[in-house]
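[1] sharing a model that was predicted from the sequence below.
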Amino acid sequence: MSHIAVIGSGIIGVTCAIELNRLGHAVTVFDREPPGSRAAASFGNGGWLCPASIIPVATPDLWRTLPSFVFGASAPLGGRIGYALRHAGHFLRFLASGGSQAKVRHKAAALAQLLANSADLHLALAREAGLSHLIRKDGLLYTYRTRDALNRDRAWWQLRRDLGVSWSFLDGAALRGQEPEIAPDCHGAILVEQGGHCTDPAAYVAGLAAFARSRGVRFEIAAVERLGFDGQRLTHIETSAGRFGCDGAVVCCGAFSRPLALQSGARPSLLAERGYHVTVEQAPRLNRPVMFDDALMVATPMAAGMRFAGQVEIAAPDSPPDWRRAEALLRLAGRYLPGLPVSLDAPGVSKWMGNRPAMADELPVIGRSPARENVYYAFGHGYTGLGGAPATARLLGQALQANAPADAALSPFSPGRL
């Protein structure tokens, strides 16, 4: 039985640890924070388990829409210009990755493999771990204020359908019948029937970690500082708590994976992208999660209230939060759900900022290092970490089976592309 070090205890790391344990490996998970920590991206995500989250941001017409993303007090994209200029190469690769319809379809098809049946896969895992109360499969809504806005996205919805995503259209009356709290001036919505959500991502990650422990997985609160090699083979990892011997390692540190990837022969075009959310305890309730089209914002019913997420900031991971991004979320949400508080300082309102991984080509890295025999990667999921975690764990498990045939599903995520 081999001993595998899993580096990172977010949703990807914990699900990978469970899968490797099932395959008979001894597993130790290392992270500077405990599972479910507020510092992790898993804590702050929007909770979506959505098979339709496959259309990349970089598309051929991004140049046309980019000004509306950046300018204006409530624009969903912001950042520090100096930081962006220092990483101009990353952003040029990002734009190039969506430069043709063929490139967009390639990325969408890859993500469709990762996110298909995500709600069902999480339901099965949650039931096994005694956490089924945290996963719901009530569908997801994408609202459109105008017919023109819907027509703008029709080609993307057709691509989703071509790639196996089932959806239906609700006109304004049907939408108001299902979600009476939404402001009445919406033209309609797309209902993704097979979608679901997690009502408390932090508790879910912590609960899965407890389940993993019950199966024999060990957890160490320690920062992994260096990978130790004998020739091409990893022999140990050096951490803030000392040296640990192992037979292999999985790097799944999200936005902070690049230093360890560089040590093991890969050069991922990976940056930390900062996201914000606001949670309102006493908010108008929705029956299911909703994305509001012109705001690029999601509203998700959580155990602690309504969570609004969607702002993106391009800035160094250690720079101070810009809480204007959170204020913009609250302001945007008020357009759709009248009666929300107007201030972050109002009672029952909480805010969060964290770092999520942003690969230049918008696809995660899953598989074995092309330069080392026994180092594996599972990082770079961007917005799809929660939804794609079970499929990622399965693909990683296959990559660790020495005699298993190559899985074509791994190809778009191959570390070899780096």
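    Looks like it came in fine.

[2] looks to me like A5 is in a helix.
    No - A5 is assigned strand when assessed by DSSP: H, G, I helix; E, B strand; the rest coil, not a helix.

[3] tell me which residues of stretch 259-278 come out buried.
    Neighbour-count burial for stretch 259-278 flags 260-261, 263-264, 266, 268-278 (criterion: 16 or more other CB atoms under 10 Å). Every C-beta, even on glycine, is put in place using the N, C-alpha and C of the backbone.

[4] narrow those to those in strands?
    Among the buried residues of stretch 259-278, the ones falling in strands (DSSP state E) are 270-278.

[5] picking up where we left off before, nearest to G216, of the buried residues of stretch 259-278?
    Checking these against G216 with CB to CB, the nearest one is L260 at 24.7 Å.

[6] now the closest one: how far from V375?
    8 Å (CB to CB, to the nearest Å).

[7] overlap in contacts of these two?
    227, 251 (CB atoms under 8 Å, 6 or more residues apart in numbering).

[8] quick one: which of the buried residues of stretch 259-278 is nearest A316?
    A272 (7.7 Å).

[9] who's that closest one bridged to?
    A272 has the following beta-bridge partners by DSSP bridges: P357.

[10] start at 38, not 1
    In the new count, where the first residue is 38, that last one comes out as A309.

[11] please report the distance of it from Y413.
    A309 sits 21 Å away from Y413, taking CB to CB as the criterion.

[12] mind checking pLDDT for the closest residue to A77 other than its chain neighbours?
    Spatial nearest neighbour of A77, excluding adjacent residues (CB to CB, 6 or more residues apart in numbering): G47 at 5.0 Å. Looking at G47, its pLDDT is 96.

[13] residues near E410, how many?
    12 (other CB atoms under 10 Å).

[14] er, A63 actually
    The tally of other residues near A63 (other CB under 10 Å) stands at 16.

[15] go on, Y413?
    Y413 has 26 neighbours, counted by other CB under 10 Å.

[16] that one: what secondary structure?
    Taken by three-state DSSP, the conformation at Y413 corresponds to strand.

[17] pretty sure it contacts V287?
    Yes - applying CB atoms under 8 Å, one finds Y413 in contact with V287, separated by 4.6 Å.

[18] going along the chain, name the strands of the stretch 138-287 of the chain.
    172-173, 177-181, 205-208, 225-229, 233-235, 255-258, 261-267, 270-276, 279-282, 285-288 (DSSP state E, counting those that start in this stretch).

[19] the first one pairs with which strands?
    In the sheet containing strand 172-173, the strands it pairs with under DSSP bridges are strand 233-235 (antiparallel).

[20] what's the strand it pairs with in contact with?
    The contact list for strand 233-235, computed with CB under 8 Å, 6+ apart, reads 84-87, 155-156, 159-160, 171-177, 241, 325-326, 337-338, 423.

[21] in helices, which of those residues fall?
    Here DSSP state H is the test, and these give 155-156, 159-160, 241, 423 as lying in helices.

[22] got TSV for those residues, with distance to R270 and neighbour count too?
    Formatted as TSV, these follow (distance: CB to CB, whole Å; neighbours: other CB atoms under 10 Å):
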residue	distance to R270	neighbour count
S155	35	25
A156	39	25
H159	35	28
L160	39	18
Y241	35	26
L423	33	27
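
[23] switch those over to a markdown table; also include pLDDT and distance to A436.
    Below are the ones in helices among the contacts of strand 233-235 laid out as a markdown table (pLDDT from 0 to 100; distance: CB to CB, whole Å):
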| residue | pLDDT | distance to A436 |
| --- | --- | --- |
| S155 | 97 | 20 |
| A156 | 97 | 25 |
| H159 | 98 | 21 |
| L160 | 98 | 25 |
| Y241 | 98 | 25 |
| L423 | 97 | 21 |
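
[24] what about stretch 43-50, start to end distance?
    Start and end residues of stretch 43-50 are separated by 6 Å (CA to CA, to the nearest Å).

[25] list residues touching both of Y413 and V287?
    Listed as contacting both Y413 and V287 by CB under 8 Å, 6+ apart are L433.

[26] who touches the helix or strand where A54 lies?
    For A54, the element it lies in under DSSP states H and E is helix 48-59. Contacts with helix 48-59, where a contact means CB under 8 Å, 6+ apart, come from 41, 43-44, 64, 66, 68, 72, 79, 162, 238, 241-242, 245-246, 248-249, 252-254, 287, 289-291, 415-416, 418, 422-423, 426-427, 429-431, 433-434, 437.

[27] one more time with 7 Å
    Residues from elsewhere that reach helix 48-59, judged by CB atoms under 7 Å, 6 or more residues apart in numbering: 41, 43, 64, 66, 72, 79, 242, 245-246, 249, 252-254, 287, 289, 415, 418, 422-423, 426-427, 429-431, 433-434, 437.

[28] chain center to it, what's the gap?
    16 Å (CA atoms, centre = their mean, to the nearest Å).

[29] swap in stretch 123-140?
    20 Å.

[30] with stretch 239-256 instead?
    Centroid separation for stretch 239-256 versus its chain: 19 Å, with CA atoms, centre = their mean.

[31] for that stretch, buried residues please.
    Under the neighbour-count criterion of 16+ other CB under 10 Å, stretch 239-256 has 239-249, 254, 256 buried.
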